[in-house]
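J.: Quick one, structure for this:
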Amino acid sequence: MTDNRRLLGMVMDPIETITPAKDSTLAMLLAAQKRGWGLIYFRQQDLSVRDGVSLGDGRQIQVFDDPARWFEIGDPWQGQLDQLDTLFMRKDPPFDMEYIYTTYILQLAEDRGLLVVNKPSSLRDINEKAYTAWFSHCTPPSLITRNFTTIKAFLKEQGKIVLKPLDGMGGKSIFVVADDDPNTNVILETLTDYGLKYTLAQRYVPEITAGDKRILLIDGNPIDYALARVPGPGDPRGNLVMGAKGEGRALTERDRWLCAEVGPVLRAKGVLFAGLDVIGDYLTEINVTSPTGIRELDRQFSIDIAAMLLDAVEKRLSG
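T.: Sure, this is the predicted structure:
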């Protein structure tokens, strides 16, 4: 591109695989295009480093708010990533070593002046399950361990717990376990790989039946509405991909208090877009990798969350 438009790079999963009506990344692309920004599409394998400089081998792209045709791939774009105005890292987990290597590439570009959303070091540091330990006054009783005996003692103490792998997403491999569950041993063997992997245990919060609320934060400040993911019949997981129903709700006083505790810390760590998961009165997860919920909330409340995010990006770029 030779014009003076702002350029936004987007590292994401293959765009042909997304569900356009629900995809928050597409909402961001649509909002940027509406402002006249040029869009450059990358997959992880399109990024590289040569002699200490981060490079991208992407494609120019147009997007459409059309469930039958939501993108059109254009001409190749090759260059240094710091030639972009901003780059969004929206690749879904798994949070594996390839993901970490990608953040190293992005951090090299950040060191040369590129605004990366979210900050690469924070993408590495803020594991969505483990980072809740920094806000234990906001969470249900919680435990991170690989030790069977310790987990069983915690289960006996709490009566009913939720067990989660630290590297999972979308409700995968989440178990609700009661103290008398005959499958406890096999669940612990599966999640910890016989004591080789850390697992998060949290006291079961019965308000999950009313929904697992996703609260979106832009530069540490919450959107006024949360998306409550209400579990389907016979499944305790509040995840849309697992069949939960999304219902928009105004934030409660407790929700705002939780945001006030977490938001300033995320802002200080360069996290421009985050999602807090709240069940009842408790914070359960902090998502900074690829938070979702934009399109559902936009439709229910006639707002434009992606535009608000781009306002924050423009403020950083001009600041």
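J.: Under the pLDDT cut-off, which ranges of the stretch 1-150 of the chain? List them.
T.: Counting by pLDDT under 70, the stretch 1-150 of the chain shows low-confidence ranges at 1-3.
J.: residue boundaries of the strands in it?
T.: 7-11, 38-42, 47-50, 53-63, 71-80, 86-89, 115-117, 142-145 (DSSP state E, counting those that start in this stretch).
J.: Tell me which of those strands lies nearest to Asp281.
T.: Closest approach to Asp281 among these is made by strand 142-145 (14.3 Å; CB to CB). (Each C-beta comes from the backbone N, C-alpha and C, glycine too.)
J.: Can you pull out the residues in contact with the closest one?
T.: With contacts defined as CB atoms under 8 Å, 6 or more residues apart in numbering, strand 142-145 is touched by 129-130, 132-133, 136, 150-151, 154, 166, 198-203.
J.: Report the contact partners of the residue nearest to Lys22 when sequence neighbours are not counted.
T.: In space, Lys22 comes closest to Arg295 once its chain neighbours are excluded; the distance is 5.5 Å by CB to CB, 6 or more residues apart in numbering. By CB under 8 Å, 6+ apart, the residues touching Arg295 are Ala21, Lys22, Asp23, Ser24, Leu26, Ala27.
J.: what's the burial count for the closest residue to the first one other than its chain neighbours?
T.: In space, Ala21 comes closest to Pro67 once its chain neighbours are excluded; the distance is 5.6 Å by CB to CB, 6+ apart. By the criterion of other CB atoms under 10 Å, Pro67 has 9 neighbours.
J.: do the same with Met89
T.: Residues lying near Met89 (other CB under 10 Å) number 24.
J.: now swap in Pro76 and tell me
T.: Neighbour tally, Pro76, other CB under 10 Å: 10.
J.: That one reaches Arg59, doesn't it?
T.: Yes. At 5.9 Å, Pro76 counts as touching Arg59 under the criterion of CB atoms under 8 Å.
J.: returning to that earlier point: wait, doesn't the residue nearest to Ala21 sit right on Pro20?
T.: Yes. The pair Pro67 and Pro20 qualifies as a contact (CB under 8 Å) at a distance of 5.2 Å.
J.: Skipping its backbone neighbours, what lies nearest Pro73 in space?
T.: If you look again at residue 73, you'll see it is Ile, not Pro. Nearest to Ile73 is Arg59, by CB to CB, 6+ apart, at 5.1 Å.
J.: Now do that neighbour against Leu47, distance only.
T.: 13 Å (CB to CB, to the nearest Å).
J.: Neighbour count for those two, which is higher?
T.: Neighbours were counted for Arg59 and for Leu47 using other CB under 10 Å; Leu47 has more, 22 against 18.
J.: Give the bridge partners for the more buried one, please.
T.: Applying DSSP bridges to Leu47 gives these bridge partners: Gly56.
J.: Give me the pLDDT value at the residue lying closest to Gly168 once chain neighbours are set aside.
T.: The shortest distance from Gly168 to any non-neighbouring residue, by CB to CB, 6+ apart, is to Ile174 (7.1 Å). pLDDT, Ile174: 92.
J.: Equivalent analysis for Pro165, please.
T.: pLDDT, Pro165: 92.
J.: With Asp235 instead?
T.: If you check Asp235, the pLDDT there is 61.
J.: quick one: Val278 from Gln44, how far?
T.: Counting by CB to CB, the gap from Val278 to Gln44 is 30 Å.
J.: More neighbours: which of the two?
T.: Neighbours per residue (other CB under 10 Å) separate Val278 from Gln44, with Val278 holding more: 25 against 15.
J.: and the helix or strand harbouring the more buried one, what other elements does it pack with?
T.: Val278 belongs to strand 273-279 when assigned by DSSP states H and E. On a contact count with 3 or more CB pairs under 8 Å, 6 or more residues apart in numbering; DSSP states H and E, strand 273-279 meets strand 212-218, helix 253-268, strand 282-287.
J.: For the second one, list the C-alpha coordinates in CSV.
T.: What follows is the C-alpha trace of helix 253-268 in CSV, where atoms were taken according to Å, rounded to 0.1, in the frame of the first residue of the first chain:
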residue,chain,number,x,y,z
GLU,A,253,-22.6,-2.9,41.7
ARG,A,254,-20.5,-6.0,42.5
ASP,A,255,-19.5,-6.4,38.8
ARG,A,256,-18.2,-2.8,38.8
TRP,A,257,-16.3,-3.4,42.0
LEU,A,258,-14.5,-6.4,40.5
CYS,A,259,-13.7,-4.3,37.4
ALA,A,260,-12.3,-1.6,39.6
GLU,A,261,-10.0,-4.1,41.3
VAL,A,262,-8.7,-5.7,38.1
GLY,A,263,-9.0,-3.0,35.4
PRO,A,264,-6.3,-0.6,36.5
VAL,A,265,-3.8,-3.5,36.8
LEU,A,266,-4.6,-4.6,33.3
ARG,A,267,-4.3,-1.1,32.0
ALA,A,268,-0.9,-0.7,33.6
